[in-house]
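Student: Below are the sequence and a predicted model for it; my questions follow.
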Amino acid sequence: MASFPSRRKRVPVHGVLLLDKPVGLSSNDALIKAKRLLNAEKAGHTGTLDPFATGLLPLCFGEATKFAQDLLDADKTYDTVVHLGVATTTGDTEGEILASCQVDVAMEQIAAVLERFRGEIDQVPPMYSALKRDGKPLYEYARAGVTLEREARRVTIHALELLDYQAPFLSLRVACSKGTYIRVLGEDIGNALGCGAHLRALRRIAVGDLSLAGALTIEALTDLPETGRAARLAPVDALLSTFPAISLGADLAQRFLHGQRLALGKEGMSIPHQEGRVRVYRAADGQLLGTGQIKEFGVLAPERLVHQAMP
């Protein structure tokens, strides 16, 4: 009887991989590759990048997956090249050309149009997106030739910087709120200029406080010795750097890890000055215990706990 090699047992891995995703790879495929290379038990990503896009894709492993939602809600920053004068079905290079025209746009026109897209704006989500209608993603309807009505959504463009313009290519840096579609922004700018547009390139350079500095490619991760790959992960609390920190003494840390609410001002606790979300550490060893909410009346309520911190 033929024997088959046993599957390698996955191991607990905790932390955040700052991946520089290449063009042509889906976010899910990138996650699968990284999870295999790290032989990790549990992994998840913090929002997707389109296959044609490159750049920062933070991948969470183990305990870090509990805090992935914080990056889903975080602001993002992108560098993009908008190809003026050519509109496509998808708003990027993967679609078929719908229309094209000569581009005769002056810098003064571009500056005036860009000003209209700074601050709060309304965007209609594209048909080629993962948003679901009746349980199916919109892109499945689009591929079947069906166009559905979509409601506009309010998003915020915190910064819209002109990097370069060599007709017909318009290079921009965009800092925006969650839920912003850069493809739609590019199309809307092209339409406002009267020539249409699609994205020629898109690169994400920041997610919240995380940047491409120190990010690894899949190839670089592969080239590392297997025993050294996990050491390249950022710590779990890299996802929580915007929250104030609280340190607890041994007794309070034990109670926090058992889900108990704690009255502020007790011995062994450093206190931030306002209500809201905080990251919580054990004072003795600096171990992250999880996140909590400082409520009114001076109460620290546990939120998400890190099980590896359990004694």
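Tutor: Thanks, I have the structure now. None of these values were measured; they are calculated from a predicted model. Numbers count the residues shown, from 1 in each chain.

Student: Count residues in the vicinity of the residue nearest to Val11 when sequence neighbours are not counted, would you?
Tutor: Among residues not flanking Val11 along the chain, Asn39 sits closest, at 5.6 Å (Cβ to Cβ, 6 or more residues apart in numbering). Every residue, glycine included, has its C-beta placed from N, CA and C. Asn39: 14 surrounding residues under other Cβ atoms under 10 Å.

Student: Check the one 10 residues further on too.
Tutor: The local packing count at Leu49 equals 23, with neighbours defined by other Cβ under 10 Å.

Student: same thing with Gly119?
Tutor: Neighbours of Gly119 (other Cβ under 10 Å): 10.

Student: Arg154 is in contact with that one, correct?
Tutor: No. Using Cβ atoms under 8 Å, Gly119 makes no contact with Arg154, being 10.6 Å away.

Student: end to end, how far does stretch 189-197 reach?
Tutor: 8 Å (Cα to Cα, to the nearest Å).

Student: how about it: buried residues?
Tutor: 189-190, 192-193, 195-197 (16 or more other Cβ atoms under 10 Å).

Student: Check which helix or strand Gly186 maps to.
Tutor: For Gly186, the enclosing helix or strand under DSSP states H and E is helix 182-192.

Student: Relative to the whole chain's centre, how far out is that helix?
Tutor: A distance of 21 Å separates the centroid of the chain from that of helix 182-192, by Cα atoms, centre = their mean, to the nearest Å.

Student: The very next helix or strand once past that helix vs helix 182-192, what angle?
Tutor: Using DSSP H and E, the helix or strand that directly follows helix 182-192 along the chain is strand 197-207. Calculated by axes from the mean of the first three to the mean of the last three Cα atoms, to 10 degrees, strand 197-207 forms an angle of 140 degrees with helix 182-192.

Student: beta partners of Gly119?
Tutor: Ile157 (DSSP bridges).

Student: is Phe169 in a bridge, and if so with what?
Tutor: His83, Gln166.

Student: That one contacts Val82, correct?
Tutor: Yes. Taking contacts as Cβ under 8 Å, Phe169 lies within contact range of Val82: 7.2 Å.

Student: picking up where we left off before, if we take the buried residues of stretch 189-197, which one ends up nearest to Lys33?
Tutor: Ala197 (32.5 Å; Cβ to Cβ).

Student: Surely the closest one touches Ala87?
Tutor: Yes. Under the contact definition of Cβ under 8 Å, Ala197 touches Ala87, with a separation of 6.7 Å.

Student: My read is that the residue nearest to Val11 contacts Pro12, right?
Tutor: No. Using Cβ under 8 Å as the test, Asn39 is too far from Pro12 to be in contact (10.1 Å).

Student: ok, back up a step: reformat the buried residues of stretch 189-197 into CSV and put pLDDT next to each item.
Tutor: Listed next are these as CSV, based on pLDDT from 0 to 100:
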residue, pLDDT
Ile189, 98
Gly190, 97
Ala192, 97
Leu193, 97
Cys195, 96
Gly196, 95
Ala197, 97
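
Student: ok, the residues you listed vs Ile218, which is closest?
Tutor: Nearest to Ile218 among the buried residues of stretch 189-197, counting by Cβ to Cβ, is Ala197 at 30.6 Å.

Student: who's in contact with that closest one?
Tutor: The neighbours of Ala197, taking Cβ atoms under 8 Å, 6 or more residues apart in numbering as the test, are 82-87, 170, 186-187, 189-191.

Student: Give me the pLDDT for Leu170.
Tutor: Note on Leu170: pLDDT of 97.

Student: correction: Leu57
Tutor: You'll see Leu57 listed with a pLDDT of 95.

Student: What angle do strand 197-207 and the helix or strand harbouring it make with each other?
Tutor: For Leu57, the host element (DSSP H and E) is strand 54-61. If you take the same axes, to 10 degrees, strand 54-61 sits at 40 degrees to strand 197-207.
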